[in-house]
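**Student:** I'll drop the sequence and a predicted model, then ask my questions.
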Amino acid sequence: MSKDIAVRLGRNIAEVRKAAGKTQAEVAEKVGIDTVSLSRIERGTVMPGIATLDRIADVLGEPLGKLFDGASSGTAALADDIATLLDSLSEADRIFLLEQIQTWTKKLSKKK
């Protein structure tokens with residue numbers, strides 16, 4: 001995994017932890033790692049294994065996938081983010097935005 005993904009994943013973990021009102025020490029103890037390791041994970045200097053991520057998600061009371069929200073910059077991940085944003089809009093607004101995206105995509109493609 002790239003360094004950028006580790007940083008974004010770590011940032012997500014820190015945000016979820018803080019929103020849950022838990023300290024690094026509390027989470028680390030329940031996960032079974034030391035506080036320094038959790039700090040490194042949250043800073044993105046260490047990429048934890050899937051088992052550790054699963055334990056972190058469980059301790060934080062969140063699905064594992066939530067920790068990865070926005071961690072990938074791939075097209076599919078960006079499309080999922082856009083779809084989530086569009087969910088709260090009316091059909092007319094979604095169509096309007098789709099038309100805007102099409103227009104901007106054509107303009108930006110011509111610049112290359």
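**Tutor:** Right, received. Where do you want to start? Quick caveat, the model's predicted, so the values are computed rather than measured.
**Student:** phi and psi next, for residue 32.
**Tutor:** Residue 32 adopts backbone torsions of phi 90, psi 30, taken as degrees, to the nearest 10.
**Student:** could you list every residue that touches it?
**Tutor:** residue 55 (Cβ atoms under 8 Å, 6 or more residues apart in numbering). Glycine gets a C-beta too; all of them are placed from N, C-alpha and C.
**Student:** any idea how far it is from residue 55?
**Tutor:** Distance of residue 32 to residue 55, given as Cβ to Cβ, to the nearest Å: 7 Å.
**Student:** center of this protein, which residue is that?
**Tutor:** A centroid search over the chain (Cα atoms, centre = their mean) returns residue 69, at 2.5 Å, as the residue closest to the centre.
**Student:** pretty sure that residue contacts residue 12?
**Tutor:** Yes. The criterion here is Cβ atoms under 8 Å, and residue 69 meets it with residue 12 at 6.0 Å.
**Student:** which residues do those two both contact?
**Tutor:** Applying Cβ under 8 Å, 6+ apart, one finds that no residue jointly contacts residue 69 and residue 12.
**Student:** what pLDDT does residue 20 get?
**Tutor:** Reported pLDDT at residue 20 in the predicted model: 93.
**Student:** so how many other residues sit close to it?
**Tutor:** Applying other Cβ atoms under 10 Å, we find 13 other residues in the vicinity of residue 20.
**Student:** could you check how far it is from residue 14?
**Tutor:** 11 Å.
**Student:** for residue 53, give its distance to residue 85.
**Tutor:** Distance from residue 53 to residue 85, by Cβ to Cβ: 25 Å.
**Student:** which one's more surrounded, those two?
**Tutor:** residue 53 (18 against 11).
**Student:** pull the CA atoms of the helix ranked longest in the chain into PDB?
**Tutor:** Ordering each helix of the chain by length in residues (DSSP state H) puts helix 91-111 first. What follows is helix 91-111, C-alpha atoms only, in PDB (Å, rounded to 0.1, in the frame of the first residue of the first chain):
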ATOM      1  CA  GLU A  91     -33.300  13.300  -8.500                       C
ATOM      2  CA  ALA A  92     -33.400  16.700 -10.300                       C
ATOM      3  CA  ASP A  93     -30.300  17.900  -8.400                       C
ATOM      4  CA  ARG A  94     -28.500  14.700  -9.100                       C
ATOM      5  CA  ILE A  95     -29.200  15.000 -12.900                       C
ATOM      6  CA  PHE A  96     -28.000  18.600 -12.800                       C
ATOM      7  CA  LEU A  97     -24.700  17.600 -11.100                       C
ATOM      8  CA  LEU A  98     -24.200  14.800 -13.600                       C
ATOM      9  CA  GLU A  99     -24.600  17.300 -16.400                       C
ATOM     10  CA  GLN A 100     -22.100  19.600 -14.800                       C
ATOM     11  CA  ILE A 101     -19.600  16.700 -14.300                       C
ATOM     12  CA  GLN A 102     -20.000  15.800 -18.000                       C
ATOM     13  CA  THR A 103     -19.400  19.400 -19.100                       C
ATOM     14  CA  TRP A 104     -16.300  19.800 -16.900                       C
ATOM     15  CA  THR A 105     -14.900  16.400 -17.900                       C
ATOM     16  CA  LYS A 106     -15.100  17.400 -21.500                       C
ATOM     17  CA  LYS A 107     -13.400  20.800 -20.800                       C
ATOM     18  CA  LEU A 108     -10.600  19.300 -18.700                       C
ATOM     19  CA  SER A 109     -10.000  16.400 -21.200                       C
ATOM     20  CA  LYS A 110      -9.300  18.900 -24.000                       C
ATOM     21  CA  LYS A 111      -6.500  20.500 -21.900                       C
END
